[in-house]
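Undergrad: Compute the structure for the input listed below.
(chains A and B)
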Amino acid sequence: MWEYTDKVKDHFFNPHNVGEVENPDGIGEVGSLACGDALKLTFKLDKNGIIADAKFKTFGCASAIATSSVLTDMIKGLTLEEAAKITNRDIADYLGGLPEQKMHCSVMGREALEAAIENYRSGGKKKHELEGRVVCTCFGVTENEIERVIRENNLTTVEQVTNYCKAGGGCGGCRGEIEKIIENIQGEKAGRIIETAPRWAVRLTNIQKIQLIQQTINEQIRPALRAHGGDIELIDVEGNKVIVAFRGMCAQCKLTEFTMKDVVEAKLREFVSDELFVEEDKDSTQEPHNHRE
Amino acid sequence: MSFLSRKTRIRHKSRITTENKMKTIYFDNNATTKVADEVFEEIKPYFCELYGNPSSMHTFGGQVGIKIRESREKVATLLGCDPSEIIFTGCGTESDNTAIKGTLSAYPNKTKVITSRVEHPAVLQVCRDLENKGYTVVEIGVDKKGRLDLTELAKQIDDNTAILTIMYANNETGVIFPIDKIAELATGKGVVFHTDAVQAVGKIPMNLSKSNIDLLSISGHKLHAPKGIGVLYIKKGTRLSPYMVGGHQEAGKRAGTENVPGIIGLGRACELATKKIKEENEKVKYLRDKLENEILKRCPDSMLNGDKDNRLPNTSNISFEFIEGEAILLMLDKYGICASSGSACTSGSLEPSHVLRAMGVPFTAAHGSIRFSLSRYNTEEEVDYTIEKMPEIVNRLRELSPFVAR
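TA: Down below sits the predicted model:
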């Protein structure tokens, strides 16, 4: 059971400003049925450029609906410049807070607002589209968006980033990359592992090394891939070259490149030896791509 | 404490009780059930009066041992097996863990485990964990009605297979698998067969003495006994290494001092279930069918998940398009109606139920799925009330949804 504030419950059971504004000046549409939540925000300006009316339509859980409802309340009477300054934190604070795992609802509200303003400024032509490189392909989250939630909410862990924008909450393949983005922004503040001398300073025999690689794949890498129906198999080890093949949903997924470097190689370097590098055995990767999107 | 503050406290308390006066309509019996009044009465003396250890030499403890024996007999009667084939555990999850891991350590030369994609995490997580330890795990898929691919299953059973573990009935959809047929497939090839029957026991008549099932798990709190008690049925002659060691209890198959009130409660609950199994399949089924048919009729763009013909009599899983499950649950909650959902927001992850996904239910429908699971304590008035409220809730949420054209 989620612990919602009375204000969240009130806006869920009695939402304000439901519907679509007639002949809107700006339309913002974000999210999708597949992702589990979606929001359509419409607004109309008066002759002084102040938001005179705003309405919403939302598919999603209680907090998604409540967030949309307060957002329309908050922006009425503001100029676009003022409205553009609203952050996801402001929306969450207005509701008296949201459960940590539901913070992405407040981010969706801010995204819809931005999309609607952008739509107005482009003369009603521009629709919301992803900007920058997509990091999380499961939920379609870009690097720009991840950087922004980290900055605006002072996030320090991957789990928090997932709570705030869903990135990393699907197959988990981009978690390594999200960690790097956090490190770049937060620097010393980031809750990363403090680097120590390699735990396996002793020289490993070939058999020991292969066994350790297999163990690392089993314990550290496979669970992340399994979370989204993927899998990995160790094909061969030649010196410091580790050859692996992706299976299940990971096979032929465009994400495997990231997974390869940021998850597989990073983990093998952390737990076995920092001299290792990984290659994919494309020949044995045959199973079809079967993400349902 | 002053007189005044005491008075205020009482007034405050009475306000809370009036606020909660709304009757709870409990349609979440696949999650847990009410402890039957008869069961509660039976276990009461075993906390403060008859608290002896059943293993003790004195009469005070020994009399408790007799009650445990009686409970074992009552469980055996419900399952149609011998009391010596029953061991008490801490919960259904422990029974599943014991069955799978105990079989693997009894057959150290075999390294393959076969299961299904729609198992409860108590089985699925155990299998995936084993996979990481080097075992080969095969997960058999289901079709869009949630029915198991038996051809694939038969094909997968080989000499290296130690255990086949397939649930009796699915907790989310209520779909019943042809367990006797599957057990025959397994034992015909010398493979141990385990079934997680947590949702099935007490709802489907069973006669284990006439089946090929080797191991079967039960959870007490799913059939009106308290939480914290489970059973593992072990067919005579089945090789199984104990999971919990450190005591002689349960014939050395499960160490640890017995959960006496739990065991006695479960015995009484099984006795009641034996008597009431007809009621489950008549009264409960009638109520479930009425609820389901009326909701499907009154709510457009709703559909049933699962195999209508092979289902538990108490379970119904319905998807409502264009709206989200958690929002539906909260609206139901306002009317005191308890149900559950397979939506992402309620699963604790960002993705909808693994069972619905394995069935290929589209995301659009999976996010809006609601499970109603009834028990013999539900009434027709409760069903009628829910039938009346459901279209109102669905319409309200659809008015908010951007995917519904006005």
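
Undergrad: For A:Gln101, list the residues it contacts.
TA: Contact analysis of A:Gln101 by C-beta atoms under 8 Å, 6 or more residues apart in numbering or on different chains lists A:Asn163. The way it works is simple: take the backbone N, C-alpha and C, and place the C-beta from them, glycine included.

Undergrad: For the chain, which helix or strand comes out least confident on mean pLDDT?
TA: You didn't pick a chain, so chain A it is. When the helices and strands of chain A are scored by mean pLDDT, DSSP states H and E, helix A:256-258 comes last with a mean of 67.

Undergrad: actually it's chain B I care about, not the one you picked
TA: helix B:3-19 (a mean of 43).

Undergrad: which residues are contacting stretch B:116-135?
TA: Here stretch B:116-135 makes contact (C-beta under 8 Å, 6+ apart) with A:218-219, A:222-223, A:226, B:92-93, B:96-97, B:100-101, B:104, B:111-113, B:115, B:137, B:139-142, B:146, B:148, B:165-167, B:170-172, B:177, B:196, B:198, B:354-355, B:358-359.

Undergrad: Outline the domain layout of the chain.
TA: Went with chain A since none was named. A:6-121, A:134-189, A:206-284 (automatic domain parsing).

Undergrad: meant chain B, my bad for not saying
TA: If you go by automatic domain parsing, chain B breaks into B:25-35+B:277-400, B:38-272.

Undergrad: Need the nearest residue in space to B:Ser95, chain neighbours excluded.
TA: B:Ser217 (3.5 Å; C-beta to C-beta, 6 or more residues apart in numbering or on different chains).

Undergrad: Can I get the helix or strand where the one you found lies as PDB, trimmed to CA atoms?
TA: Using DSSP states H and E, B:Ser217 falls within strand B:215-219. Extracted as PDB, the C-alpha positions of strand B:215-219 are listed here (Å, rounded to 0.1, in the frame of the first residue of the first chain):
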ATOM      1  CA  LEU B 215       5.700 -33.400  -3.500                       C
ATOM      2  CA  LEU B 216       3.000 -30.800  -2.800                       C
ATOM      3  CA  SER B 217       3.100 -27.500  -1.000                       C
ATOM      4  CA  ILE B 218       0.300 -25.900   1.100                       C
ATOM      5  CA  SER B 219       0.100 -22.600   2.900                       C
END
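
Undergrad: Tell me how far that strand lies from the chain's centre.
TA: 10 Å (C-alpha atoms, centre = their mean, to the nearest Å).

Undergrad: Give the pairing partners of the following helix or strand past it; include direction for each.
TA: Moving toward the C-terminus from strand B:215-219, the next helix or strand (DSSP H and E) is strand B:230-234. According to DSSP bridges, strand B:230-234 has the following sheet partners: strand B:86-89 (antiparallel), strand B:215-219 (antiparallel).

Undergrad: what comes up buried for the shortest one?
TA: If I follow you right, that is strand B:86-89. B:Ile86, B:Ile87, B:Phe88, B:Thr89 (16 or more other C-beta atoms under 10 Å in any protein chain shown).

Undergrad: Dump stretch B:34-49 to CSV, keeping only the CA atoms.
TA: C-alpha atoms of stretch B:34-49 as CSV (Å, rounded to 0.1, in the frame of the first residue of the first chain):
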residue,chain,number,x,y,z
LYS,B,34,-9.8,-14.6,7.3
VAL,B,35,-8.9,-17.1,10.1
ALA,B,36,-12.1,-19.1,10.5
ASP,B,37,-13.8,-18.5,13.9
GLU,B,38,-13.8,-22.3,14.6
VAL,B,39,-10.0,-22.3,13.9
PHE,B,40,-9.4,-19.3,16.2
GLU,B,41,-11.4,-21.0,19.1
GLU,B,42,-9.4,-24.2,18.6
ILE,B,43,-6.0,-22.5,18.9
LYS,B,44,-6.7,-20.1,21.8
PRO,B,45,-5.6,-22.4,24.7
TYR,B,46,-2.3,-23.2,23.1
PHE,B,47,-0.7,-19.9,23.9
CYS,B,48,-1.0,-19.3,27.7
GLU,B,49,-2.5,-22.5,29.0
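
Undergrad: ranges for the helices of the stretch 151-300 of chain B?
TA: Per DSSP state H, counting those that start in this stretch, the stretch 151-300 of chain B carries helices over the ranges B:179-188, B:260-279, B:285-298.

Undergrad: Quick check, central residue of the chain?
TA: No chain specified, so I'll use chain A. By C-alpha atoms, centre = their mean, chain A has its centre lying nearest to A:Ala167, at 1.6 Å.

Undergrad: Please refer instead to chain B.
TA: B:Gln199 (3.7 Å).

Undergrad: which non-adjacent residue is nearest that one?
TA: Take B:Gln199 and drop its neighbours on the chain: the residue closest to it by C-beta to C-beta, 6+ apart is B:Ala169, 4.6 Å away.

Undergrad: shaky segments in the chain?
TA: Picked chain A for this. In the predicted model, chain A carries pLDDT under 70 at residues A:128-130, A:188-202, A:227-229, A:248-258, A:284-293.

Undergrad: Switch to chain B, please.
TA: Residues of chain B meeting the criterion pLDDT under 70: B:1-21, B:346-348, B:406.

Undergrad: Now do the strands in it.
TA: Applying DSSP state E to chain B gives strands spanning B:25-26, B:86-89, B:112-116, B:136-140, B:161-165, B:192-196, B:215-219, B:230-234, B:302-304, B:315-320, B:337-338, B:340-341, B:369-373.

Undergrad: Nearest to B:Ala76, out of these?
TA: Checking the strands of chain B against B:Ala76 by C-beta to C-beta gives strand B:86-89 as the closest, at 5.6 Å.

Undergrad: Could you list the residues in contact with the closest one?
TA: Residues contacting strand B:86-89 (C-beta under 8 Å, 6+ apart): B:68, B:72, B:75-76, B:79, B:95, B:98, B:229-234, B:250-251, B:253-254, B:258-259, B:262-263, B:266.

Undergrad: Show me just the buried residues among the residues you listed.
TA: The neighbour count (16+ other C-beta under 10 Å) marks B:68, B:72, B:75-76, B:79, B:95, B:98, B:229-234, B:250, B:253-254, B:258-259, B:262-263, B:266 as buried among the contacts of strand B:86-89.
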